[in-house]
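> the amino acid sequence is not available; the structure is as follows:
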(Lines give C-alpha, C1' and ligand atoms only; values in the text may rest on other atoms or scores of the structure.)
Protein backbone atom coordinates (compact mmCIF):
# COMPACT_ATOMS: atom_id res chain seq x y z
CA UNK A 1 0.00 0.00 0.00
CA UNK A 2 1.13 3.50 -0.80
CA UNK A 3 1.61 5.27 2.50
CA UNK A 4 4.98 6.76 1.65
CA UNK A 5 3.68 10.34 1.37
CA UNK A 6 1.88 10.09 4.73
CA UNK A 7 5.13 9.13 6.50
CA UNK A 8 7.06 11.69 4.50
CA UNK A 9 4.74 14.48 5.64
CA UNK A 10 4.99 13.43 9.29
CA UNK A 11 8.79 13.77 9.29
CA UNK A 12 10.78 17.08 9.43
CA UNK A 13 11.98 16.91 5.83
CA UNK A 14 12.74 19.68 3.38
CA UNK A 15 9.74 20.34 1.08
CA UNK A 16 9.76 22.45 -2.11
CA UNK A 17 6.94 25.00 -2.42
CA UNK A 18 6.22 27.74 -4.95
CA UNK A 19 6.99 31.24 -3.71
CA UNK A 20 4.08 33.08 -5.48
CA UNK A 21 1.34 30.86 -4.01
CA UNK A 22 2.74 30.11 -0.55
CA UNK A 23 0.67 30.58 2.59
CA UNK A 24 2.22 31.27 6.01
CA UNK A 25 2.98 28.30 8.26
CA UNK A 26 -0.09 27.66 10.40
CA UNK A 27 -2.64 28.27 7.57
CA UNK A 28 -3.34 24.80 6.26
CA UNK A 29 -3.39 24.12 2.53
CA UNK A 30 -5.21 21.21 0.94
CA UNK A 31 -3.46 18.30 -0.69
CA UNK A 32 -4.48 19.66 -4.11
CA UNK A 33 -2.93 23.06 -3.36
CA UNK A 34 0.14 21.31 -2.05
CA UNK A 35 0.54 19.44 -5.38
CA UNK A 36 0.19 22.73 -7.29
CA UNK A 37 2.93 24.30 -5.18
CA UNK A 38 5.22 21.34 -5.78
CA UNK A 39 4.56 21.45 -9.50
CA UNK A 40 5.35 25.16 -9.64
CA UNK A 41 8.56 24.83 -7.69
CA UNK A 42 9.66 21.86 -9.82
CA UNK A 43 9.20 24.05 -12.90
CA UNK A 44 11.31 26.80 -11.36
CA UNK A 45 14.06 24.33 -10.46
CA UNK A 46 14.04 23.12 -14.06
CA UNK A 47 15.49 26.42 -15.30
CA UNK A 48 18.31 26.57 -12.76
CA UNK A 49 20.73 24.90 -15.14
CA UNK A 50 20.54 27.88 -17.51
CA UNK A 51 19.78 30.52 -14.86
CA UNK A 52 21.55 29.48 -11.62
CA UNK A 53 21.29 33.03 -10.30
CA UNK A 54 17.57 32.42 -9.60
CA UNK A 55 18.35 29.83 -6.88
CA UNK A 56 18.68 32.44 -4.13
CA UNK A 57 15.31 33.97 -5.01
CA UNK A 58 13.57 30.59 -5.05
CA UNK A 59 15.04 29.67 -1.67
CA UNK A 60 14.13 33.01 -0.14
CA UNK A 61 10.49 32.54 -1.16
CA UNK A 62 10.19 29.20 0.63
CA UNK A 63 9.03 29.45 4.27
CA UNK A 64 10.47 27.38 7.07
CA UNK A 65 7.39 25.13 7.24
CA UNK A 66 3.83 24.74 5.97
CA UNK A 67 0.74 22.96 7.28
CA UNK A 68 -0.92 20.47 4.89
CA UNK A 69 -4.49 19.31 5.55
CA UNK A 70 -5.13 15.62 4.71
CA UNK A 71 -8.64 14.31 5.42
CA UNK A 72 -9.21 15.32 9.05
CA UNK A 73 -5.53 15.52 9.95
CA UNK A 74 -2.99 18.31 9.58
CA UNK A 75 0.73 17.79 9.15
CA UNK A 76 3.55 20.31 9.38
CA UNK A 77 6.04 19.92 6.53
CA UNK A 78 9.46 21.54 7.04
CA UNK A 79 11.48 23.07 4.20
CA UNK A 80 14.83 23.67 5.85
CA UNK A 81 16.81 21.09 3.84
CA UNK A 82 15.69 22.37 0.44
CA UNK A 83 16.35 25.98 1.47
CA UNK A 84 19.85 25.02 2.58
CA UNK A 85 20.49 23.15 -0.69
CA UNK A 86 19.37 26.13 -2.75
CA UNK A 87 21.51 28.50 -0.66
CA UNK A 88 24.54 26.25 -1.16
CA UNK A 89 23.78 25.98 -4.88
CA UNK A 90 23.59 29.77 -5.30
CA UNK A 91 27.13 30.28 -3.93
CA UNK A 92 28.80 27.12 -5.27
CA UNK A 93 31.17 26.91 -8.24
CA UNK A 94 30.01 25.33 -11.54
CA UNK A 95 31.39 21.88 -10.66
CA UNK A 96 29.59 21.81 -7.33
CA UNK A 97 26.36 23.08 -8.92
CA UNK A 98 26.48 20.21 -11.42
CA UNK A 99 26.46 17.78 -8.48
CA UNK A 100 23.75 19.56 -6.49
CA UNK A 101 21.23 20.23 -9.27
CA UNK A 102 20.22 16.56 -9.91
CA UNK A 103 19.72 16.08 -6.17
CA UNK A 104 17.48 19.15 -5.91
CA UNK A 105 15.45 18.05 -8.95
CA UNK A 106 15.02 14.50 -7.64
CA UNK A 107 13.92 15.87 -4.29
CA UNK A 108 11.14 17.98 -5.81
CA UNK A 109 10.04 15.29 -8.28
CA UNK A 110 9.87 12.61 -5.59
CA UNK A 111 7.64 14.78 -3.40
CA UNK A 112 5.45 15.62 -6.39
CA UNK A 113 5.02 11.94 -7.31
CA UNK A 114 4.18 10.99 -3.72
CA UNK A 115 1.58 13.75 -3.48
CA UNK A 116 0.08 12.77 -6.85
CA UNK A 117 -0.42 9.13 -5.85
CA UNK A 118 -1.85 9.91 -2.41
CA UNK A 119 -5.41 10.62 -3.62
CA UNK A 120 -5.39 7.48 -5.79
CA UNK A 121 -5.56 5.21 -2.78
CA UNK A 122 -8.30 2.58 -2.79
CA UNK A 123 -10.96 2.43 -0.02
CA UNK A 124 -9.06 -0.46 1.54
CA UNK A 125 -5.91 1.62 1.62
CA UNK A 126 -7.76 4.56 3.18
CA UNK A 127 -9.21 2.29 5.84
CA UNK A 128 -5.81 0.78 6.52
CA UNK A 129 -4.33 4.28 6.78
CA UNK A 130 -6.93 5.28 9.38
CA UNK A 131 -6.08 2.16 11.39
CA UNK A 132 -2.41 3.06 11.20
CA UNK A 133 -3.13 6.60 12.38
CA UNK A 134 -5.16 5.22 15.27
CA UNK A 135 -2.25 2.99 16.28
CA UNK A 136 0.23 5.86 16.10
CA UNK A 137 -2.08 7.96 18.29
CA UNK A 138 -1.65 5.55 21.23
CA UNK A 139 0.33 6.60 24.27
CA UNK A 140 3.26 4.26 23.58
CA UNK A 141 3.88 6.07 20.29
CA UNK A 142 3.65 9.59 21.68
CA UNK A 143 7.43 10.00 21.77
CA UNK A 144 7.65 9.26 18.07
CA UNK A 145 5.08 11.85 17.00
CA UNK A 146 7.12 14.87 18.00
CA UNK A 147 10.74 15.83 17.74
CA UNK A 148 12.40 16.41 21.08
CA UNK A 149 14.62 19.35 21.97
CA UNK A 150 17.75 17.19 21.79
CA UNK A 151 16.91 15.99 18.28
CA UNK A 152 16.23 19.55 17.12
CA UNK A 153 19.55 20.75 18.52
CA UNK A 154 21.36 17.84 16.88
CA UNK A 155 19.71 18.58 13.53
CA UNK A 156 20.62 22.28 13.81
CA UNK A 157 24.26 21.39 14.50
CA UNK A 158 24.37 19.08 11.47
CA UNK A 159 22.85 21.77 9.23
CA UNK A 160 25.34 24.36 10.53
CA UNK A 161 28.29 22.06 9.86
CA UNK A 162 26.87 21.19 6.45
CA UNK A 163 26.66 24.85 5.45
CA UNK A 164 30.20 25.56 6.63
CA UNK A 165 31.69 22.55 4.87
CA UNK A 166 29.58 23.30 1.79
CA UNK A 167 31.17 26.73 1.50
CA UNK A 168 34.58 25.08 1.66
CA UNK A 169 33.60 23.10 -1.47
CA UNK A 170 34.54 19.69 -0.17
CA UNK A 171 34.36 17.07 -2.91
CA UNK A 172 35.26 13.63 -1.60
CA UNK A 173 33.17 11.42 -3.86
CA UNK A 174 29.50 10.60 -4.25
CA UNK A 175 27.78 9.25 -1.17
CA UNK A 176 30.56 10.50 1.14
CA UNK A 177 29.08 12.46 4.06
CA UNK A 178 31.76 14.90 5.21
CA UNK A 179 29.64 16.18 8.10
CA UNK A 180 29.28 12.73 9.63
CA UNK A 181 33.01 12.05 9.23
CA UNK A 182 33.86 15.29 11.04
CA UNK A 183 31.39 14.60 13.86
CA UNK A 184 32.54 10.99 14.28
CA UNK A 185 36.15 12.19 14.23
CA UNK A 186 35.46 14.62 17.05
CA UNK A 187 33.71 11.91 19.07
CA UNK A 188 36.58 9.43 18.54
CA UNK A 189 39.14 12.07 19.52
CA UNK A 190 37.21 12.82 22.72
CA UNK A 191 36.97 9.12 23.57
CA UNK A 192 40.69 8.68 22.89
CA UNK A 193 41.62 11.58 25.17
CA UNK A 194 39.39 10.20 27.91
CA UNK A 195 41.03 6.76 27.56
CA UNK A 196 44.56 8.22 27.75
CA UNK A 197 43.62 10.30 30.80
CA UNK A 198 42.11 7.26 32.52
CA UNK A 199 45.19 5.09 31.87
CA UNK A 200 47.55 7.75 33.19
CA UNK A 201 45.36 8.35 36.23
CA UNK A 202 45.29 4.64 37.11
CA UNK A 203 49.01 3.98 36.53
CA UNK A 204 50.59 7.01 38.21
CA UNK A 205 51.62 6.76 41.89
CA UNK A 206 49.70 8.46 44.64
CA UNK A 207 49.98 12.23 44.45
CA UNK A 208 52.04 13.80 47.18
CA UNK A 209 49.49 15.09 49.64
CA UNK A 210 50.52 17.07 52.69
CA UNK A 211 50.03 15.11 55.88
CA UNK A 212 46.93 16.40 57.68
CA UNK A 213 46.62 13.92 60.54
CA UNK A 214 48.67 11.33 62.36
CA UNK A 215 47.52 7.75 61.87
CA UNK A 216 48.17 5.72 65.04
CA UNK A 217 50.88 3.04 64.73
CA UNK A 218 51.92 4.29 61.27
CA UNK A 219 55.67 4.91 60.74
CA UNK A 220 55.22 8.68 60.72
CA UNK A 221 53.34 8.62 64.02
CA UNK A 222 56.71 8.30 65.84
CA UNK A 223 58.72 10.65 63.65
CA UNK A 224 61.75 9.69 61.61
CA UNK A 225 64.24 11.20 64.08
CA UNK A 226 62.94 8.94 66.88
CA UNK A 227 63.37 5.86 64.64
CA UNK A 228 66.91 6.92 63.73
CA UNK A 229 67.86 7.63 67.38
CA UNK A 230 66.73 4.13 68.39
CA UNK A 231 68.69 2.63 65.48
CA UNK A 232 71.89 4.44 66.52
CA UNK A 233 71.35 3.33 70.14
CA UNK A 234 71.19 -0.32 69.02
CA UNK A 235 74.28 0.20 66.89
CA UNK A 236 76.22 1.27 69.99
CA UNK A 237 75.50 -2.21 71.38
CA UNK A 238 76.55 -3.81 68.04
CA UNK A 239 73.01 -5.02 67.37
CA UNK A 240 73.48 -4.33 63.67
CA UNK A 241 70.53 -6.36 62.45
CA UNK A 242 67.94 -4.51 64.57
CA UNK A 243 69.70 -1.21 63.97
CA UNK A 244 69.33 -1.64 60.19
CA UNK A 245 65.67 -2.60 60.71
CA UNK A 246 64.88 0.59 62.66
CA UNK A 247 66.94 2.73 60.26
CA UNK A 248 64.79 1.51 57.35
CA UNK A 249 61.64 2.61 59.17
CA UNK A 250 63.26 5.98 59.81
CA UNK A 251 63.47 6.40 56.03
CA UNK A 252 59.85 5.32 55.56
CA UNK A 253 58.67 7.73 58.27
CA UNK A 254 60.68 10.55 56.64
CA UNK A 255 59.00 10.07 53.25
CA UNK A 256 55.59 9.70 54.84
CA UNK A 257 56.01 12.90 56.87
CA UNK A 258 56.85 14.77 53.65
CA UNK A 259 53.67 13.62 51.88
CA UNK A 260 55.03 10.86 49.61
CA UNK A 261 51.86 8.86 50.37
CA UNK A 262 48.96 8.68 52.77
CA UNK A 263 49.76 6.88 56.03
CA UNK A 264 48.73 3.23 56.07
CA UNK A 265 50.28 0.87 58.60
CA UNK A 266 49.33 -2.24 56.58
CA UNK A 267 51.81 -1.72 53.70
CA UNK A 268 54.79 -3.98 53.05
CA UNK A 269 58.30 -2.70 52.14
CA UNK A 270 57.75 -3.59 48.47
CA UNK A 271 54.45 -1.69 48.45
CA UNK A 272 56.21 1.39 49.83
CA UNK A 273 58.81 1.13 47.08
CA UNK A 274 56.14 0.93 44.36
CA UNK A 275 54.60 4.19 45.61
CA UNK A 276 57.72 6.13 44.60
CA UNK A 277 58.14 6.68 40.86
CA UNK A 278 61.22 5.12 39.26
CA UNK A 279 62.34 8.54 37.96
CA UNK A 280 61.99 10.11 41.40
CA UNK A 281 65.44 10.93 42.91
CA UNK A 282 64.32 9.25 46.15
CA UNK A 283 63.66 5.92 44.44
CA UNK A 284 67.30 4.62 44.24
CA UNK A 285 68.13 5.13 47.95
CA UNK A 286 64.77 3.67 49.01
CA UNK A 287 65.36 0.67 46.75
CA UNK A 288 68.79 0.12 48.37
CA UNK A 289 67.28 0.37 51.87
CA UNK A 290 64.55 -2.10 50.91
CA UNK A 291 67.03 -4.67 49.52
CA UNK A 292 69.23 -4.49 52.60
CA UNK A 293 66.20 -4.87 54.92
CA UNK A 294 65.00 -7.91 52.98
CA UNK A 295 68.38 -9.66 53.07
CA UNK A 296 69.29 -8.79 56.66
CA UNK A 297 65.93 -8.78 58.45
CA UNK A 298 63.73 -11.12 56.42
CA UNK A 299 66.59 -13.18 54.96
CA UNK A 300 68.31 -13.49 58.35
CA UNK A 301 71.74 -12.68 56.88
CA UNK A 302 74.42 -11.59 59.39
CA UNK A 303 75.08 -7.85 59.42
CA UNK A 304 78.03 -5.77 60.55
CA UNK A 305 79.08 -2.19 61.11
CA UNK A 306 79.75 -1.64 57.38
CA UNK A 307 76.16 -2.62 56.54
CA UNK A 308 74.83 -0.13 59.08
CA UNK A 309 77.08 2.70 57.80
CA UNK A 310 75.90 2.03 54.24
CA UNK A 311 72.32 2.20 55.52
CA UNK A 312 73.01 5.59 57.12
CA UNK A 313 74.48 6.77 53.80
CA UNK A 314 71.28 5.78 51.94
CA UNK A 315 69.25 7.67 54.57
CA UNK A 316 71.30 10.81 53.89
CA UNK A 317 70.71 10.42 50.15
CA UNK A 318 67.02 10.10 50.94
CA UNK A 319 67.10 13.42 52.80
CA UNK A 320 67.38 12.35 56.45
CA UNK A 321 69.92 14.93 57.70
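On my side now, so go ahead. These numbers come from a predicted model, not from an experiment. Numbers count the residues shown, from 1 in each chain.

> how about the strand or helix carrying residue 108, which residues are buried there?
In the assignment (DSSP states H and E), residue 108 maps to helix 94-118. Residues of helix 94-118 classed as buried by neighbour count (16 or more other C-beta atoms under 10 Å): 96-97, 100-101, 104-105, 107-108, 111-112, 114-115, 118. All C-beta atoms are positioned from the backbone trio N, CA, C, and that covers glycine.

> can you check stretch 36-50 too?
Quick answer for stretch 36-50 (16+ other C-beta under 10 Å): 36, 37, 38, 40, 41, 42, 44, 45, 48.

> quick revisit: pull the distance from the helix holding residue 108 to the chain's centre.
Put simply, helix 94-118 sits 35 Å off its chain's centre (C-alpha atoms, centre = their mean, to the nearest Å).

> mean confidence score for that helix?
Mean pLDDT, helix 94-118: 80.

> that one - contacts with which helices or strands?
helix 4-10, helix 31-46, helix 80-91 (3 or more C-beta pairs under 8 Å, 6 or more residues apart in numbering; DSSP states H and E).

> with distance to residue 242 added, can I get those helices in TSV?
Below are these laid out as TSV (distance: least, C-beta to C-beta, whole Å):
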stretch	distance to residue 242
helix 4-10	86
helix 31-46	97
helix 80-91	83
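
> would you format those as CSV with distance to residue 233 and mean pLDDT included?
Below are those laid out as CSV (distance: least, C-beta to C-beta, whole Å; pLDDT from 0 to 100):
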stretch, distance to residue 233, mean pLDDT
helix 4-10, 90, 41
helix 31-46, 100, 82
helix 80-91, 86, 82
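
> so which of the ones you listed comes closest to residue 311?
Smallest distance to residue 311 across the helices and strands packed on helix 94-118 (C-beta to C-beta): 77.2 Å, for helix 80-91.

> next, the angle helix 31-46 makes with that closest one.
Angle between the axes of helix 80-91 and helix 31-46 is 20 degrees (criterion: axes from the mean of the first three to the mean of the last three C-alpha atoms, to 10 degrees).

> sort out which residues of helix 80-91 are buried, please.
Neighbour count says helix 80-91 has 80, 81, 82, 83, 84, 85, 86, 87, 88, 89, 90 buried, by 16+ other C-beta under 10 Å.

> from the chain's centre, how far out does that helix sit?
For helix 80-91, the distance to the chain centre is 30 Å (C-alpha atoms, centre = their mean).

> elements contacting it?
Checking 3+ C-beta pairs under 8 Å, 6+ apart, helix 80-91 ends up next to helix 55-60, helix 94-118, helix 149-167.

> dump the ones you listed to JSON lines, plus distance to residue 260.
Shown next, in JSON lines, are the helices and strands packed on helix 80-91 (distance: least, C-beta to C-beta, whole Å):
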{"stretch": "helix 55-60", "distance to residue 260": "68"}
{"stretch": "helix 94-118", "distance to residue 260": "63"}
{"stretch": "helix 149-167", "distance to residue 260": "47"}
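
> and residue 267, which of those helices is closest to it?
helix 149-167 (48.6 Å).

> where does the stretch 201-321 of the chain have low pLDDT?
Scanning the stretch 201-321 of the chain for pLDDT under 70 picks out the ranges 204-217.

> now do the helices in it.
Here the stretch 201-321 of the chain has its helices, by DSSP state H, counting those that start in this stretch, at 219-222, 224-236, 240-257, 269-274, 283-293, 305-318.

> got the domain boundaries for this protein?
With domains defined by automatic domain parsing, the chain comprises 4-144, 219-318.

> any low-confidence regions in the stretch 51-200 of the chain?
71, 117-130, 132-148, 150-151, 161-180.

> follow-up on the earlier one: which of the buried residues of helix 94-118 sits closest to residue 308?
The nearest one, if we look at the buried residues of helix 94-118 relative to residue 308 and count by C-beta to C-beta, is residue 96, at 83.7 Å.

> list the helices and strands the strand or helix carrying residue 189 packs on?
Secondary structure assigned from DSSP H and E places residue 189 in helix 178-203. On a contact count with 3+ C-beta pairs under 8 Å, 6+ apart, helix 178-203 meets helix 149-167.

> in this protein, which residue is most central in space?
Among the residues of the chain, the one closest to the centroid is residue 187, at 4.6 Å (C-alpha atoms, centre = their mean).

> which residues touch it?
Residues near residue 187 by C-beta atoms under 8 Å, 6 or more residues apart in numbering: none.
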